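Novice: test case, fold it:
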Amino acid sequence: MSDALGVDRPNKIAYMTQVAALAAGRSYKETLLEALDLRPGQTALDVGCGPGTDLGGLAAGVGESGRVIGVDQDPAMLAEAANRMADRPWVELRDGDAHALPVADGSVDRAHIDRVLMHVADPAKVLAELRRVARPGCVIGLAEPDWDTLVVDSDDLETSRAFTRYTTEVAVRNATILSLIHISSGLA
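Specialist: Numbers count the residues shown, from 1 in each chain. Got it, this is the predicted structure:
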């Protein structure tokens with residue numbers, strides 16, 4: 001395990017599972033799933049599905065008559081997602097890059113992308129891919145943190161500000177993704 005700032009990095013699967021289980025994680029994830037307005041028989045896509053944290057909710061929403069496609073490029077994440085979804089044969093996992101989704105044009109009724117755009121090389125390209133795979137009337141649900149407003153509660157204001165700068169300038173590739181999404185929303 002490599003370390004950052006002298007601390008071992010957490011296991012990614014364990015970290016993502018813990019964050020999703022916290023009250024704040026459950027709350028925003030439930031809100032995002034509700035906004036997708038999933039219906040039985042639909043095809044739902046989870047871009048950057050990770051260890052399958054959200055696949056169960058998508059699978060429940062589309063039911064056995066529907067289909068869920070989870071895409072991730074990390075073999076360990078896909079393996080964990082496969083273990084978690086083993087009892088749901090309508091969930092299909094695909095190895096792939098968000099910049100070139102392994103999904104047919106116009107084949108998705110609902111798309112879900114949670115905390116992924118902040119990590120990709122070209123968020124606009126990923127949004128264009130989402131548009132490519134979307135059927136007419138598709139609902140796309142996006143959730144991204146606004147790292148630029150990160151506040152660290154410390155008596156040392158300069159350290160707090162330095163940590164926020166480090167996070168937005170070094171640690172997170174697209175820390176101000178909200179402005180990128182706004183700019184990219186006009187894709188033709």
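
Novice: correct me, but residue 129 touches residue 96?
Specialist: No. Contact status for residue 129 versus residue 96: not in contact, 9.9 Å apart, counting by C-beta atoms under 8 Å. Placement of C-beta: from N, CA and C, glycine included.

Novice: tell me the secondary structure at the closest residue in space to residue 38 that isn't next to it in sequence.
Specialist: Spatial nearest neighbour of residue 38, excluding adjacent residues (C-beta to C-beta, 6 or more residues apart in numbering): residue 61 at 2.7 Å. Here residue 61 is recorded as helix under DSSP: H, G, I helix; E, B strand; the rest coil.

Novice: any idea how far residue 61 lies from residue 120?
Specialist: Applying C-beta to C-beta, to the nearest Å, the value for residue 61 to residue 120 is 25 Å.

Novice: same for the host helix or strand of residue 92, what does it pack against?
Specialist: Assigned by DSSP states H and E, residue 92 belongs to strand 91-95. For strand 91-95, the packing partners by 3 or more C-beta pairs under 8 Å, 6 or more residues apart in numbering; DSSP states H and E come out as helix 55-62, strand 67-72, helix 75-84.

Novice: may I have that strand as CSV, with CA atoms only?
Specialist: Output of strand 91-95 as CSV, limited to C-alpha atoms (Å, rounded to 0.1, in the frame of the first residue of the first chain):
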residue,chain,number,x,y,z
VAL,A,91,-26.8,-6.9,-14.0
GLU,A,92,-24.0,-7.0,-16.5
LEU,A,93,-20.5,-5.8,-15.8
ARG,A,94,-18.1,-4.5,-18.5
ASP,A,95,-14.5,-3.5,-18.4
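
Novice: check which element follows that strand along the chain.
Specialist: Downstream of strand 91-95, the first helix or strand assigned by DSSP H and E is strand 108-114.
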